[in-house]
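# any chance you could fold what I've pasted below:
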Amino acid sequence: MLRLQAKKTLSLAFPIMIGEVAQLSLGLIDSAMVGAVGYRQLAAAALVLSVINIPFVFGIGITISVSQMVSMAHGTRDAKKVSHYLFNGFWLCVISAVAIAVILEFSKDILFHLGQDPEVAQLAVPYLQIMGWGIIPMILFLSLKQFTDGLEYTKTAMVLSLGAIPLNAFLNWLLIYGNWGFPRMELYGAGLGTLITRSVMFVVLALVIIFHPVFKKYMLIGKRAWYFRMQTIKDLLHIGIPSSLQIAMEAGAFAVSGILIGTLGAVSLASHQIALSVASFTFMISMGLSQAGSIRTSNAFGRKDWKLIGAIGKSTLIIALIYGATCALFFIVFKNQLPLLFNKNAEVVTLASLLMVFAALFQISDSTQAICAGLLRGVKDVKVPTFFIAIAYWVVGLPLGYYLTFNMGMGASGIWTGFIAGLTLSAIFLTFRFSKLVRREL
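Now for the predicted structure:
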């Protein structure tokens with residue numbers, strides 16, 4: 001039973017994981033190509049990502065509600081309701097994306113008030129502006145991706161995400177370094193390349209959904225399903241807002257930590273960005289598993305099949321443990337080689353290698369807590385997990401990291417110790433919560 005459910009989850013998760021890794025690869029490509037220009041540009045990119053991640057992941061959380069509601073409707077074979085959730089979810093994401101972009105545009109001067117290296121802050125301002133507007137096409141792409149994922153057609157977005165990698169790399173080559181007669185824009189060029197790539201992804205996925213035969217019935221039924229309904233918006237927000245808060249609290253803790261590390265200097269911030277980029281890469285696999293587990297439990301929840309929900313959850317968590325242990329070993333073995341992919345500065349590489357060891361220590365916890373959060377979203381349990389996550393990151397992890405960094409003199413290592421504590425506590429809380437719900441319903 002568990003082996004069968006693990007196989008089904010992996011089959012659904014694999015295209016999602018590839019798509020998530022491809023999406024993150026865009027950021028890794030930016031970091032590597034910008035890092036070749038200089039470590040201050042890399043530090044500026046890290047500063048912007050730290051600031052932008054909190055509102056960005058809030059928007060991502062809203063898109064997650066689309067897949068959850070679509071999956072539940074799909075579980076009851078209600079095509080009209082599926083189409084209805086697509087329409088309302090998409091426009092809810094449009095409003096959220098535009099609001100986030102406008103807020104970031106008017107908040108750009110905050111970069112000069114975060115205690116950062118003045119040269120780094122100056123480099124970061126135009127990058128923040130262009131990346132802020134790039135959030136709009138990305139959230140719209142993700143809203144459509146969540147629709148296709150909720151229907152368990154996960155390969156569509158995967159193909160587009162993979163195709164975006166060479167496009168983004170080519171645009172970076174033109175715009176960062178000024179090849180083929182293009183102006184040399186350096187960090188701003190990376191942001192412009194990202195904006196163009198995301199826009200292309202959104203437009204192509206929208207055209208696929210409109211014209212592909214697989215999705216045709218949901219388009220044809222639009223005349224009867226495409227209308228705004230306040231209860232539908234409330235249902236989407238019931239999932240979307242807590243999901244946003246969960247992701248935002250985790251990303252926010254990492255973002256604030258990045259800003260705190262930035263006060264230690266450009267070398268510390270660049271090293272932090274390298275280690276975090278690599279850790280984020282492996283986390284995308286966990287996110288793929290989390291989304292697949294969430295979609296499958298949501299589908300089963302629509303039919304109130306708690307025995308299946310329990311089997312999906314247990315088998316997915318076993319996968320998480322195996323994957324986390326494998327990543328931890330990989331980080332330790334290659335801790336000296338991985339930082340060289342981003343920067344050659346000796347100080348940066350040495351510190352980044354040390355931080356890679358800390359990243360290795362939280363791989364199992366990180367994978368477990370991400371998957372449990374997804375499983376709980378699948379059964380519409382979002383409020384209590386949000387409270388647990390808030391405690392883990394903002395009551396324990398971040399304060400502990402701050403204390404160790406600035407009071408105990410541990411530097412960037414102190415912040416990363418806080419990461420370990422917060423992620424481990426979150427994993428314990430969420431695992432017990434899911435197990436308790438399943439036992440109660442069986």
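
# how many residues are close by Leu321?
Number of residues near Leu321 (other C-beta atoms under 10 Å) recorded here: 13. The way it works is simple: take the backbone N, C-alpha and C, and place the C-beta from them, glycine included.

# now swap in Arg440 and tell me
8.

# same check on Lys314?
17.

# now do the residue lying closest to it once chain neighbours are set aside, the pLDDT please.
Nearest non-adjacent residue to Lys314, counting by C-beta to C-beta, 6 or more residues apart in numbering: Leu2, 6.1 Å away. Note for Leu2: predicted pLDDT of 78.

# show me the contacts for Leu2.
Contact analysis of Leu2 by C-beta atoms under 8 Å, 6 or more residues apart in numbering lists Ala311, Lys314, Ser315, Ile318.

# inside helices: which ones of those residues?
Ala311, Lys314, Ser315, Ile318 (DSSP state H).

# turn those into CSV, including distance to Leu355 and pLDDT.
Below are the ones in helices among the contacts of Leu2 laid out as CSV (distance: C-beta to C-beta, whole Å; pLDDT from 0 to 100):
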residue, distance to Leu355, pLDDT
Ala311, 38, 91
Lys314, 33, 92
Ser315, 33, 92
Ile318, 29, 92
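
# let's have these in CSV, adding distance to Ala101.
Putting these into CSV (distance: C-beta to C-beta, whole Å) gives the following:
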residue, distance to Ala101
Ala311, 42
Lys314, 41
Ser315, 40
Ile318, 41
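
# now list the buried members of those residues.
Buried subset of the ones in helices among the contacts of Leu2 (neighbour count, 16 or more other C-beta atoms under 10 Å): Ala311, Lys314, Ser315.

# between these, which is nearest Asp30?
Within these, the smallest distance to Asp30 is 35.7 Å, found for Ser315 (C-beta to C-beta).

# right, and the closest one touches Gln5 too?
Yes. Ser315 is within contact range of Gln5, at 4.2 Å (criterion: C-beta atoms under 8 Å).

# can you tell me the closest non-neighbouring residue to Tyr403?
Gly414 (7.4 Å).

# okay, now the one you found: neighbour count?
22.

# what do you get for Tyr218?
Residues near Tyr218, counting by other C-beta under 10 Å: 21.

# for the host helix or strand of it, list every residue counted as buried.
Per DSSP states H and E, Tyr218 falls inside helix 216-220. The neighbour-count check on helix 216-220 (16+ other C-beta under 10 Å) flags Tyr218, Met219 as buried.

# and it, average pLDDT?
Rounded mean pLDDT across helix 216-220 is 89.

# dump the helix or strand following that helix to CSV, restricted to CA.
Note on helix 216-220: by DSSP H and E, the next helix or strand toward the C-terminus is helix 222-225. Taking Å, rounded to 0.1, in the frame of the first residue of the first chain, the C-alpha atoms of helix 222-225 are listed here in CSV:
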residue,chain,number,x,y,z
GLY,A,222,-16.7,29.3,-19.2
LYS,A,223,-19.9,31.0,-20.2
ARG,A,224,-21.7,29.3,-17.3
ALA,A,225,-18.7,29.2,-14.9
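
# which strands and helices lie in contact with helix 222-225?
helix 79-106 (3 or more C-beta pairs under 8 Å, 6 or more residues apart in numbering; DSSP states H and E).

# may I see the buried residues of the helix it packs on?
81-90, 92-93, 96-98, 100-101, 104.

# now do stretch 203-222
So stretch 203-222, judged by 16+ other C-beta under 10 Å, has buried residues Val204, Leu205, Val208, Ile209, Phe215, Tyr218, Met219, Ile221.

# kindly reformat these as CSV containing distance to Lys436.
Shown next, in CSV, are those (distance: C-beta to C-beta, whole Å):
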residue, distance to Lys436
Val204, 43
Leu205, 38
Val208, 41
Ile209, 38
Phe215, 38
Tyr218, 36
Met219, 41
Ile221, 39
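
# of the residues you listed, closest to Lys383?
For the buried residues of stretch 203-222, the nearest to Lys383 is Tyr218 (30.3 Å; C-beta to C-beta).

# residues in contact with the closest one?
Tyr218 neighbours (C-beta under 8 Å, 6+ apart): Ala79, Val82, Ser83, Leu86, Ala225.

# widest-spaced pair of those residues?
Ala79 and Leu86 (10.6 Å).

# what's near enough to touch the residue lying farthest from the centre of the chain?
What lies farthest from the middle of the chain is Gly181; by C-alpha atoms, centre = their mean that is 35.0 Å. By C-beta under 8 Å, 6+ apart, the contact list for Gly181 is empty.

# what does Leu207 give?
Contacts of Leu207 (C-beta under 8 Å, 6+ apart): none.

# quick check: which element contains it?
Going by DSSP H and E, Leu207 is part of helix 187-211.

# what do you get for Ser67?
helix 39-75.

# now do the buried residues in that helix.
Buried, per 16+ other C-beta under 10 Å, within helix 39-75: 39-75.

# cool, and stretch 3-14?
Neighbour-count burial for stretch 3-14 [16+ other C-beta under 10 Å]: Gln5, Ala6, Thr9, Leu10, Leu12, Ala13, Phe14.

# among those, which are in helices?
Gln5, Ala6, Thr9, Leu10, Leu12, Ala13, Phe14.

# just the closest of these to Phe406, please.
The closest of these, once distances to Phe406 are taken by C-beta to C-beta, is Ala13, at 39.9 Å.

# hang on, that closest one packs against Met287?
No. Applying C-beta under 8 Å, one finds Ala13 not in contact with Met287, separated by 9.6 Å.

# follow-up on the earlier one: next one: the residue nearest to Lys314 from Lys234, what distance?
To Lys234, Leu2 is 36 Å away according to C-beta to C-beta, to the nearest Å.

# the helix or strand that contains Ser243 to helix 79-106, inter-axis angle?
In this assignment (DSSP H and E), Ser243 forms part of helix 230-262. Here helix 230-262 runs at an angle of 40 degrees relative to helix 79-106 (axes from the mean of the first three to the mean of the last three C-alpha atoms, to 10 degrees).

# tell me the angle of helix 230-262 relative to helix 39-75?
Using the same axes, to 10 degrees: helix 230-262 against helix 39-75 is 160 degrees.

# what's the offset of helix 230-262 from the middle of its chain?
Relative to its parent chain, helix 230-262 has a centroid offset of 11 Å by C-alpha atoms, centre = their mean, to the nearest Å.

# and for stretch 168-181?
Taking mean C-alpha positions (C-alpha atoms, centre = their mean), stretch 168-181 and its chain are 26 Å apart.

# repeat that for stretch 208-225.
Here stretch 208-225 shows a centroid-to-chain-centroid distance of 28 Å under the convention C-alpha atoms, centre = their mean.

# for it, measure first residue to last.
From its first residue to its last, stretch 208-225 covers 20 Å (C-alpha to C-alpha, to the nearest Å).

# find me the pLDDT at Leu24, would you?
69.

# do Pro183 as well
pLDDT at Pro183 comes out at 90.
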